[in-house]
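**Q** Here is my input, please return the structure:
(chains A and B)
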Amino acid sequence: MAKERRSVESLSDLWRAGAEQAHREVEDDGVEQQRSKQAGRDDEMTIRFVLFVNKQGQTRLAQYYEHLSLDERRALEGEIVRKCLARTDQQCSFVEHRNYKVVYRRYASLFFLVGVDNDENELAILEFIHLLVETMDRHFGNVCELDIMFHLEKVHFMLEEMVMNGCIVETSKQNILAPIQLMEKTS
Amino acid sequence: MDTVEKIVEDFASDIAMSPFSSGTSLREMIRAIRACKTAAEERAVVRRECAAIRTAISENEPELRHRNMAKLMFIHMLGYPTHFAQMECLKLIAAAGYPEKRVGYLGLMLLLDERQEVLMLVTNSLKQDLNHTNQFIVGLALCALGNICSSEMARDLSPEVERLMRSRDVNTKKKAALCSIRIVRKVPDLAENFMGLAASLLKEKHHGVLISAIQLCTELCKASRDALEYLRKNCIEGLARILRDVSNSSYAPEYDVSGIVDPFLHIRVLKLLRILGQGDADCSEYMNDILAQVATKTESNKNAGNAILYECVQTIMGIEATSGLRVLAINILGRFLSNRDNNIRYVALNMLMRAIAVDALAVQRHRTTILECVKDADASIRKRALELVYLLVNDTNVKPLTKELIDYLNIADPDFIGDLTVKICSIVEKFSQEKLWYLDQMFKVLSLAGNHVKDDICHALIVVLSNTAELQGYSVRSLYKALQSYGKQASLVRVAVWCIGEYGEMLVNNVGMLDGEEPIKVTESNAVGAVEVALNRYSADVTTGAMCLVALLKLSSRFPSTSERVKQIVAQNKENVVLELQQRSIEFTSIIQRHQSIRSSLLERMPVLDEASYLVKRATATQATIAADKLAPTVTPGSLKLPNGVAKPTSAPLADLLDLSSDGAPASTIASTTTPNDFLQDLLGIGVSSSTTGVTSTASTDILMDLLSIGSSPSQNGTPITDFRHPGQESKPVPAVPEAIDLLGSLSPAETKPTPVVPQDMDLLDGLSSNTSISGLENTTHPSITAFQSATLKITFDFKRKPENPRETTIHTTFTNLTSSTFTDFIFQAAVPKFIQLRLDPASGNTVPANGNGSVTQGLNVTNNQQGQL
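**A** Now for the predicted structure:
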C-alpha cells in the first residue's frame, strides 16, 4: 500500500490517496458502530425517552426506555433542553444530539421532547406527540402544566398504554384511556 | 454558606422525623416544592419528604404506600435518588388490588437502578400476574415485563407470553406481542417460537394488535435469518393487504389523524415491507403496486400524510423497486425539498443522503436547492445540507460548488463557519486537479475563515507550495495582498508570514508573474513591515510570533538593506516573557550581528518538502498510531538519512571532547523536553544558542555545524505532525548539512578517541515507528539498523520489544572500530525526549579494538510513555 502511494505523482491522485484512507476509516467506524449495535441490541428501539419540560427548563415528566444513571439523565436533560429551548418557532422540530435525534414540539408553555433513533420517521414522531397531547386533553379537558404535575402517575399510565419498550403499542385514544377510566370508576 | 444550609436541612429533616408530622399529601408536597425559591430549599423539602417516606416504609403502613410511591415518582423526576423504595414497589406489586399493583409496577419501571437483584425477586410476582384471571392485571405484568425484562426473565417467562399471544382479548394480545419484542431482543434464540404466532396475528383487525405484531415481525427479521425467510414467504400478502385496507378505508374516527387513517400503522407496515423487500426481487415486485398507490394517493398537505410519504420513499429506495417507482420517489423528495415547512425540508435532505447511493444523478438534479439549504437560517437544516453537498461533489461540479460555498463563508453564521470551513478544505483537497485552483481556493478560505482552518490543512498547503516552484511568486503576492485586508485570520497570517520569509524576493521583484496577474509594488521594507505588523498583532500567540521572528531573520538575509531594521524588531523581543520568543530573539540577533559569514547559507530557502512522504505520514498520523510517529517519520526513500546528520564524532582532544559532548547531549535533552511539536524548533534553537555561547571557543563553528546537523536530520525527515511552523525553521539547518557531513568525512582516522554522541531521540524512534506503523502489527522484533557509519566508526542497533510491554524497547548497540588504531576510553552517550525514558546499561568495555576486530556492545532500554497515544 505504502509503495503504491509513493509511486503516484499527480497532486490530485495524492490527495485522493489520503482521502481514500480517510474514507476507509469512516467505513471502519461504521462497521464498528454496527458491531457495537449488534452487541448491545438494547439500543435498538424507536423511542428512547419522552420528556416534558416547561419554558424554564424544569422537567415535568421523564420516561426513559433505556437505562441511564441519575447523573447521565441530568446531564442529558440539561443539554437537550438548552438546545431545544434556544430554537425559534420557524426552525425545524428536529435536533441532532449525540447519537440520536430529538423531536420536539411546543404547546403553550410546555415542550414535549422525544428522543429517537437516527432512522426513525421524525414526522411520525411529531404526530405521536400530538396524539399524546390530544389524549391528555381528552382526559383532563384542556390539559395544562399543573394537570400533568398533580397527576403525574396518570400521565405515566397513559404513556404506558401508548409506548412499551420504545415501541408504539396503541394509537386509539379510547383504548388508551379505557383502563384509566376504569380505575377511576372503581375507586 | 454550606454549613448554614446543612444546618437548615438537618433541622428540617428533624422536624420531619418527629412523630407529629405523619407526612403530607402528594398535592401538598408538590406545592411545597413549587414554592421553593432556591435549589437548597428544594433539596430540604425533598429530604424531608424522603425521610417521611422512609419512616413510612419501615413502619410498614400499607395505606400510605400508594401515596408514597406517587411522591417518589415525582422526586425521582426531579433527579433525586430514590432507590431505597424499590422494595416498596415489590410489596405493592404483591398486593392484591389493581390500584396498588398499578402503582407498584409503574414505580418498578421508573425507579429501578440496580437491575439484577430486584429483578430476580420480581420474577415470581410477574409469573403469578401473567396467569391472573383479570385481564388488566395481566396487561400490567406484560407491560412491566416488556419494559424491564432481563435475559433470564425472558427465558423463564417466554412460555407465558406465548400463551397470552393466543388469548382472546385484544389488549392482552397486543401487549404480549410487544412484550415478545423485548424477549427476542434479549434472547434471539427464542425468535423461532414467535414466528408463527406473529404471522397469525397479522390477520387480526384491531389496529393495536396489528401495529404490535408488525413491530414484532420487524424485530424477528433483525434477530434471525430464518424468521426473515419465513415472513417473506408467509406474510408479504398479508402485509400488502393491511396496507391496502388502511389506505383505502374510509373515515375511522378513533384512528383518524387529520383525514388519514392511522398513519402510525401505515408507517410500521412500510418499514417492515422495506426489510422484507431488501435484496429480494419477488417480494419487491409484490409490493410495487401498493407502494405506487400509497405514493400517489396520499395527501401531502398535512404532516401525517407527509410522514407516510416519507416512509414510503424510504421503502422504495430500500427495496428492489422498478425504475418508474424510483422516479416517483425522487419526485416526492423534490417536492419535499421545495416545501416551505422546515420539517419537511429536513427530512427531504435526510432522505436524499440515502438516495444518493441508489440514484446519484437524480439527487444531482436538486443540487441548486440543496445548496440553498446550506445557507438556511436553521442549524439542523444547514448541517444536513452541508453533509449532502459534501457527498454530491465530483470532478465536474467541484468548481461551481466550491465557489458557492466559499462565497457563503462571507455571511455564514459564526457557529457554522467551523463546520463549513472543514468541509470546504476537505473538498478542495480532494478534488484539486489544478494546483493554481487549489491554491486560490485555499487562499480564499484562509482569508475568510482563517481562524477555523486546522493546522494540518495549513501544513498540507505549505507542502504543496514548496513543491510548486512556478506558483511560489504568485502565491506570496496573493498572500501578501490578503494579509493587508484580512490580517485578523490567524492561519492566513501564519501561512503568509512563512511565504514572505521564504519567498520574499519574489514578492518584491514580481518574479514568476502569471498571465493576467496585476503586478504589485512592494518594497523590501514593506515586506518587513508586514511581518512586523503580524508580529505585533500576534504577540500573544507563541507559534505565530515564532514564525514571524524566523521570517524576519530570513528577510534580513534576502534584503541586506533591511538588516538593521530587522535587528531592531527582533531585539524588541529580547525581554519577552515567553521563553521561546525571548530565546529566538536573542539567538537571531546574534546571528545577524556576529555571524555574517554563515548567515546567507544558514538562511537559504528551505529544500522542497517531500510531498509523497508527507502524505503517507499524514495518513499514518490519522491512523492513530503511536505518538512517536508524530515525531518519527516513516521510512521513505530519500528522506531517511538519519545517522549522518545526527551522530557527532568530533576531532578535538578528549578533554575538549567530553566538554563538548556534555554540552551537546544535555542540550538535545533540553530540546526534547518541550512538546514533541516544538521539537524541531528547539533543536534549531539549541544549535544557534550553542553557537553564541561558543563564540569564545576556538571550535565554535564546528560546534555550530555539528549541532545544526543534529537539527537537520529531523528536518530532512520532516515530521508528520501537522505543526506547520517547522517548515519555516527547517531551511536553516539544512545548508549546514553538507558541511556537517564533510566534517564527518574529514575526521582523521588518526584520531584515536572519537566520542560519538548519538541523540537517539529521533532516530531510534524512526526505526521503531516506521516498522510498527507500516506493518501495523505488534512486531516484537525489528530489523537491526546501522545507526551510524563513517570511515572510523560503525554503530548498529538491534531492537527487541517484549510483547507484554510494548512500550519498552531494548536496543542492543554494537560499536565497531574501522580505523587501524584502537579506541580507548570509549564512551557512548544518548539523549531522548522527555516522554521517553532511557536506561543505559554499562558498556561491555571502553576500548574498541582496531580494524573491526571485535566490538564493544552496550544495552539501552527505551520506554515510550506515549506509546499508543494519539
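**Q** okay, CA-based contacts and neighbour counts for the rest of this
**A** Fine.
**Q** Name the SS class of the residue nearest the centre of chain A, please.
**A** Nearest to the geometric centre of chain A sits residue A:115, at 0.7 Å (C-alpha atoms, centre = their mean). Under the three-state scheme (DSSP: H, G, I helix; E, B strand; the rest coil), the conformation of residue A:115 reads as strand.
**Q** Just to check, it is in contact with residue A:62?
**A** No - contact criterion C-alpha atoms under 8 Å: residue A:115 and residue A:62 do not qualify, at 11.2 Å.
**Q** tell me, what's touching those two both at once?
**A** Counting by C-alpha atoms under 8 Å, 6 or more residues apart in numbering or on different chains, the common neighbours of residue A:115 and residue A:62 are A:49-50.
**Q** Show me what the mean pLDDT comes to for whichever strand or helix holds residue A:149.
**A** Using DSSP states H and E, residue A:149 falls within helix A:145-150. Taken as a whole, helix A:145-150 has an average pLDDT of 88.
**Q** can you tell me if that helix touches chain B.
**A** Yes - contact of helix A:145-150 with chain B (C-alpha under 8 Å from any C-alpha of the partner chain) involves A:149-150.
**Q** Please identify the buried residues of that helix?
**A** A:147-150 (16 or more other C-alpha atoms under 10 Å in any protein chain shown).
**Q** Stretch B:376-394 too?
**A** In stretch B:376-394, counting by 16+ other C-alpha under 10 Å, buried: B:376, B:378-389, B:392-393.
**Q** Tell me who's in contact with the residue nearest to the centre of chain A.
**A** By C-alpha under 8 Å, 6+ apart, the contact list for residue A:115 reads A:47-50, A:100-103.
**Q** what about residue 91, neighbour count?
**A** No chain was given, so I picked chain A. 17 (other C-alpha atoms under 10 Å in any protein chain shown).
**Q** other chain: chain B
**A** The burial count for residue B:91: 16, using other C-alpha under 10 Å.
**Q** again, but for the one 5 residues further on
**A** Counted by other C-alpha under 10 Å, the residues lying close to residue B:96 total 10.
**Q** Which pLDDT value does the model give it?
**A** Reported pLDDT for residue B:96: 82.
**Q** ok, now the one 5 residues further on?
**A** As summarised for this prediction, residue B:101 has a pLDDT of 87.
**Q** which secondary structure element contains it?
**A** Counting by DSSP H and E, residue B:101 is part of helix B:98-111.
**Q** So is that helix next to chain A?
**A** Yes - using C-alpha under 8 Å from any C-alpha, we find that helix B:98-111 touches chain A at B:99, B:103, B:106, B:110.
**Q** Can you tell me which of these has the most neighbours?
**A** That'd be residue B:103 among the residues of helix B:98-111 next to chain A, by other C-alpha under 10 Å, with 26 neighbours.
**Q** my guess is it contacts residue B:94, does it?
**A** No - the pair residue B:103 / residue B:94 is not scored as a contact, 11.4 Å apart, by C-alpha under 8 Å.
**Q** Chain A versus residue B:501, what's the distance?
**A** 25 Å (C-alpha to the nearest C-alpha, to the nearest Å).
**Q** can you tell me the helix or strand for the spatially closest residue to that residue that is not a sequence neighbour?
**A** Nearest non-adjacent residue to residue B:501, counting by C-alpha to C-alpha, 6 or more residues apart in numbering or on different chains: residue B:551, 3.9 Å away. With elements taken from DSSP H and E, the one containing residue B:551 is helix B:542-558.
**Q** try residue A:142
**A** Residue A:142 belongs to no helix or strand, assigned by DSSP H and E.
**Q** Report the separation between it and chain B.
**A** 19 Å.
**Q** so who does residue B:371 touch?
**A** Per C-alpha under 8 Å, 6+ apart, neighbours of residue B:371: B:385-386, B:389, B:404.
**Q** So it, which state does it fall into?
**A** Going by three-state DSSP: residue B:371 is helix.
**Q** got it, and the one 5 residues further on?
**A** Following three-state DSSP, residue B:376 is assigned to coil.
**Q** got the contact list for the residue lying closest to it once chain neighbours are set aside?
**A** Of all residues not flanking residue B:376 in the chain, residue B:382 sits nearest, at 5.8 Å (C-alpha to C-alpha, 6+ apart). Residue B:382 makes contacts with B:373-376, as judged by C-alpha under 8 Å, 6+ apart.
**Q** Report how many residues lie close to the closest residue to residue A:165 other than its chain neighbours.
**A** Distance criterion C-alpha to C-alpha, 6+ apart; nearest residue to residue A:165, sequence neighbours excluded, is residue B:147 at 4.7 Å. By the measure other C-alpha under 10 Å, the count of residues near residue B:147 is 23.
**Q** And the one 10 residues further on, by the same measure?
**A** Here the number of neighbours of residue B:157 (other C-alpha under 10 Å) works out to 19.
**Q** Okay, strands next: where are they in the chain?
**A** You didn't say which chain, so I picked chain A. A:47-54, A:59-64, A:94-97, A:100-107, A:110-116, A:163-164, A:167-168 (DSSP state E).
**Q** I was after chain B.
**A** Using DSSP E, strands in chain B cover B:256-257, B:260-261, B:757-758, B:781-789, B:793-802, B:805-817, B:829-830, B:836-840, B:855-864.
**Q** The longest one pairs with which strands, and in what direction?
**A** Partner strands for strand B:805-817, per DSSP bridges, with pairing direction: strand B:793-802 (antiparallel), strand B:855-864 (antiparallel).
**Q** Give me the angle between it and strand B:836-840.
**A** Orientation of strand B:805-817 against strand B:836-840 (axes from the mean of the first three to the mean of the last three C-alpha atoms, to 10 degrees) gives an angle of 50 degrees.
**Q** what about strand B:805-817, distance to the chain center?
**A** 35 Å (C-alpha atoms, centre = their mean, to the nearest Å).
**Q** for the record, mean pLDDT for that strand?
**A** 76.
**Q** one step back: closest to residue B:189 out of the contacts of residue B:371?
**A** The shortest approach to residue B:189 among the contacts of residue B:371 belongs to residue B:385, at 41.8 Å (C-alpha to C-alpha).
**Q** Please name the residues that touch the residue lying closest to that closest one once chain neighbours are set aside.
**A** Nearest residue to residue B:385, sequence neighbours excluded (C-alpha to C-alpha, 6+ apart): residue B:374, at 5.1 Å. Residues near residue B:374 by C-alpha under 8 Å, 6+ apart: B:381-383, B:385-386.
**Q** again, 6 Å this time
**A** The contact partners of residue B:374, taken as C-alpha atoms under 6 Å, 6 or more residues apart in numbering or on different chains, are B:382, B:385-386.
**Q** In a markdown table: these, plus pLDDT.
**A** As requested, the contacts of residue B:374 are exported to a markdown table (pLDDT from 0 to 100):
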| residue | pLDDT |
| --- | --- |
| B:382 | 86 |
| B:385 | 89 |
| B:386 | 88 |
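**Q** so of the residues you listed, which ones are in helices?
**A** Of the contacts of residue B:374, the ones assigned to helices by DSSP state H are B:382, B:385-386.
**Q** In the stretch 601-750 of chain B, what residue lies closest to chain A?
**A** residue B:612 (5.5 Å; C-alpha to the nearest C-alpha).
**Q** Noted, bye for now.
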